[in-house]
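1. What would the 3D arrangement of this be:
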Amino acid sequence: MGAMTLKRIPASHARLRQVVVVSVVCLALYCFLLIPEHSLNASRTVPEPFHFSSQQAPPRHHHHPAELLNNRFLTAPQCAAAFPGLTKEIDDVVAKGPFVLPRNPHFGMGPLIARVRDGKLSILSYARRVDLSRDMLQHRSATLHQIAAALLTAPVSEPVPDTVFAFNHEDDPHSPSFSYARPADPALDTSHRHVFAIPHFSFWSWAIGPVGSFGRASAAITALESRLSWGTKDARAAWRGTTWFNAARAARLRQDLVARARGRPWADVEALHGNRSNALAIEDFCGYRYVVHTEGVTYSGRFQYHQLCASVVLTPPIAWMQHLTHLVKPAFSYALDGVIRTPPSTDAPGGGDMVPYPAPWVKEAWPTAYDPRGDANIVFVAPDWSDLEATVEWLERHPKVAEGIARRQRELFDGGGYFSPAAEMCYWRAAIRGWSEVVRTDGQGFEDLEEIPWEEFSLKEIHK
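-> Residues are numbered from 1 along each chain as shown. This is a model prediction of the structure:
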């Protein structure tokens with residue numbers, strides 16, 4: 001027989017065949033490695049979770065990809081690996097041990113009582129619309145939407161346990177309940193108090209013009225920060241607010257701030273006008289090198305917005321712990337070389353005396369002072385603002401140190417994703433799991449209450 005003749009394949013065809021083969025292999029890898037197994041036969045499409053082992057947790061200041069930060073379907077191990085320390089507040093209150101959840105009057109003014117059963121949310125008792133302000137109704141509704149979303153996005157492999165919980169939608173915490181904040185002072189947060197700090201309602205939406213939802217503000221801050229460097233930011237310290245909104249422990253906090261900063265070249269500090277004509281959009285604070293933070297009667301809902309800035313937050317020691325305040329690493333102004341407190345004028349309220357700093361409760365609540373040159377991501381100043389000017393001047397004399405504090409803050413809370421949708425859902429499911437471990441409801445009569453499905457209740461919240 002004659003020798004076989006091999007037909008030469010054109011080079012272009014060979015390249016095409018290689019492209020097809022590579023494409024098929026990539027598609028196969030995507031299907032088998034990136035799509036969760038349960039989503040192949042489930043009725044809903046679940047974004048692929050990122051995989052980290054507990055031994056391979058992201059390093060400090062790790063910048064997570066957007067695909068992870070927007071993935072609301074992470075499992076508990078994936079949450080713990082992606083966001084180390086996320087659930088410390090939950091772990092601490094669970095460690096206090098069991099407690100009894102008492103039944104409130106059906107239309108009482110106490111916390112709302114709700115049930116989780118088979119992954120669905122229902123309402124058992126609640127304050128009536130006529131008894132709540134518009135703001136309270138919005139806050140309550142926004143938080144319940146967050147809880148419903150956390151249940152809806154729970155991984156099939158990790159069903160959320162059945163439980164009955166209390167949710168307090170007012171600023172003052174209530175024990176036992178899910179509340180927006182708890183006292184930082186250990187003397188006010190004893191072993192007999194069971195306050196589960198939860199994400200602020202603004203993570204769903206906050207219907208006030210200069211602030212808006214957290215997602216909108218986060219995108220606006222990212223756009224602003226991408227255009228600015230430390231050197232191009234306004235070198236002043238910025239603040240806006242109402243001067244009368246103070247806690248009993250610091251009755252003149254905001255008035256004293258305005259008085260101290262009035263006419264100073266380092267400050268853009270103003271009491272908010274009645275018509276809000278001098279208000280700043282929340283993202284515009286990030287255009288300043290220094291952002292002055294003040295708590296209100298309790299916590300301040302603006303704090304997490306300021307933590308997205310690559311700016312140095314200057315604040316008296318935080319007195320109210322929100323769900324992620326434990327990630328704050330403060331440098332104390334009194335430890336900065338050359339920073340000296342200046343008494344107020346003798347005709348000022350209080351007669352020119354300075355308040356003790358740090359107060360005894362601060363040493364208990366914030367026992368660790370961090371190095372401003374290496375670890376700190378915020379600066380605590382005296383609560384009477386007697387060293388605020390000196391602290392700003394010190395930071396201006398040490399621009400690399402100041403820039404480092406600001407950068408570490410943004411890298412942690414934005415780049416690290418602790419305020420992301422993924423972390424929010426992780427936290428909520430962990431909070432419900434933790435609550436279910438320690439709450440006791442037997443004999444309280446909750447089984448006798450009518451259950452209103454969340455979907456129905458949510459419409460009643462906005463329609464008469």
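
2. what ranges of the chain fall below the confidence cut-off?
-> Scanning the chain with the threshold set as pLDDT under 70 gives 1-62, 105-108, 346-352, 462-464.

3. what distance separates the start and the end of stretch 259-271?
-> 10 Å (Cα to Cα, to the nearest Å).

4. Now do the buried residues in that stretch.
-> The neighbour-count check on stretch 259-271 (16 or more other Cβ atoms under 10 Å) flags Ala259, Arg260, Ala261, Trp266, Ala267, Asp268, Val269, Glu270, Ala271 as buried. The way it works is simple: take the backbone N, C-alpha and C, and place the C-beta from them, glycine included.

5. which residues are contacting the helix or strand where the second one lies?
-> Spelled out, that is Arg260. Per DSSP states H and E, Arg260 falls inside helix 253-261. For helix 253-261, the surrounding residues in contact (Cβ atoms under 8 Å, 6 or more residues apart in numbering) are 237, 239, 241-247, 267, 269-271, 292, 294-295, 316, 344, 348-349, 383-386, 388-389.

6. So what's the residue count around the residue nearest to Gly110 when sequence neighbours are not counted?
-> Nearest residue to Gly110 in three dimensions, chain neighbours excluded: Asn104, at 4.4 Å (Cβ to Cβ, 6 or more residues apart in numbering). As a burial measure, Asn104 scores 18 neighbours (other Cβ atoms under 10 Å).

7. contacting residues around Asn104?
-> The contact partners of Asn104, taken as Cβ under 8 Å, 6+ apart, are Gly110, Pro111, Ile113, Ser125, Ala166.

8. For the fourth one, name its beta-bridge partners.
-> Partner residues in beta bridges with Ser125, using DSSP bridges, are Ile113.

9. and it, how many residues sit next to it?
-> By the criterion of other Cβ under 10 Å, Ser125 has 20 neighbours.

10. wait, it sits on Arg103?
-> Yes. Ser125 lies in contact with Arg103 (Cβ atoms under 8 Å); the separation is 7.5 Å.

11. Need the residues touching each of these two.
-> Common contacts of Ser125 and Arg103 (Cβ under 8 Å, 6+ apart): Ile113, Leu449.

12. just to revisit the earlier point, can I get the contacts of Asn104 in JSON lines including distance to His139?
-> Listed next are the contacts of Asn104 as JSON lines, based on distance: Cβ to Cβ, whole Å:
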{"residue": "Gly110", "distance to His139": "15"}
{"residue": "Pro111", "distance to His139": "13"}
{"residue": "Ile113", "distance to His139": "17"}
{"residue": "Ser125", "distance to His139": "18"}
{"residue": "Ala166", "distance to His139": "15"}
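
13. and which of those residues is nearest Ser333?
-> Nearest to Ser333 among those: Pro111, at 37.7 Å, using Cβ to Cβ.

14. How about exporting whatever helix or strand Leu137 lives in as CSV, limited to the C-alpha atoms?
-> If you go by DSSP H and E, Leu137 is part of helix 134-152. C-alpha atoms of helix 134-152 as CSV (Å, rounded to 0.1, in the frame of the first residue of the first chain):
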residue,chain,number,x,y,z
ARG,A,134,-42.4,58.9,61.2
ASP,A,135,-38.7,58.5,61.9
MET,A,136,-39.3,55.6,64.3
LEU,A,137,-41.5,53.9,61.8
GLN,A,138,-38.9,54.2,59.1
HIS,A,139,-36.1,52.9,61.4
ARG,A,140,-38.2,50.0,62.5
SER,A,141,-39.2,49.1,58.9
ALA,A,142,-35.6,49.4,57.6
THR,A,143,-34.2,47.0,60.3
LEU,A,144,-37.0,44.4,59.7
HIS,A,145,-36.2,44.5,56.0
GLN,A,146,-32.5,43.8,56.9
ILE,A,147,-33.6,40.8,59.0
ALA,A,148,-35.9,39.5,56.3
ALA,A,149,-33.0,39.8,53.7
ALA,A,150,-30.6,37.9,56.0
LEU,A,151,-33.2,35.1,56.3
LEU,A,152,-33.8,35.0,52.5
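
15. buried sites along that helix?
-> Residues of helix 134-152 classed as buried under the neighbour-count rule (16+ other Cβ under 10 Å) are 137-151.

16. packing partners for it?
-> Counting contacts by 3 or more Cβ pairs under 8 Å, 6 or more residues apart in numbering; DSSP states H and E, helix 134-152 packs against strand 112-117, strand 120-125, strand 163-167, helix 421-438, helix 454-462.

17. Next, the angle strand 163-167 makes with it.
-> Interaxial angle, helix 134-152 versus strand 163-167 (axes from the mean of the first three to the mean of the last three Cα atoms, to 10 degrees): 150 degrees.

18. Centre of the chain to helix 134-152, how far?
-> The chain centroid and the centroid of helix 134-152 are separated by 15 Å under Cα atoms, centre = their mean, to the nearest Å.

19. got the residue ranges for the helices in this protein?
-> With DSSP state H, the ranges of helices along the chain come out as 11-29, 66-69, 76-82, 88-94, 134-152, 214-227, 253-261, 303-306, 360-365, 388-397, 399-410, 421-438, 454-462.

20. For those, could you give me CSV that also reports distance to Val379?
-> Formatted as CSV, these follow (distance: least, Cβ to Cβ, whole Å):
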stretch, distance to Val379
helix 11-29, 48
helix 66-69, 27
helix 76-82, 28
helix 88-94, 22
helix 134-152, 30
helix 214-227, 19
helix 253-261, 15
helix 303-306, 12
helix 360-365, 14
helix 388-397, 6
helix 399-410, 7
helix 421-438, 25
helix 454-462, 40
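
21. Select, out of these, the one closest to Phe178.
-> The minimum distance between Phe178 and the helices of the chain falls on helix 421-438, with 6.7 Å, by Cβ to Cβ.

22. between that closest one and helix 134-152, what angle do the directions make?
-> Going by the same axes, to 10 degrees, helix 421-438 is angled at 90 degrees with respect to helix 134-152.

23. how far does helix 421-438 sit from the chain's center?
-> Offset of helix 421-438 from its chain centre (Cα atoms, centre = their mean): 14 Å.

24. Next: stretch 419-438.
-> From the chain centre to the centre of stretch 419-438 is a distance of 12 Å (Cα atoms, centre = their mean).

25. So of the buried residues of stretch 259-271, which two are at opposite extremes in space?
-> For the buried residues of stretch 259-271, the maximum inter-member distance is 17.7 Å, found between Trp266 and Ala271 (Cβ to Cβ).

26. just to revisit the earlier point, using CSV, lay out the helices and strands packed on helix 134-152 together with distance to Asp131.
-> Formatted as CSV, those follow (distance: least, Cβ to Cβ, whole Å):
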stretch, distance to Asp131
strand 112-117, 12
strand 120-125, 13
strand 163-167, 16
helix 421-438, 25
helix 454-462, 13
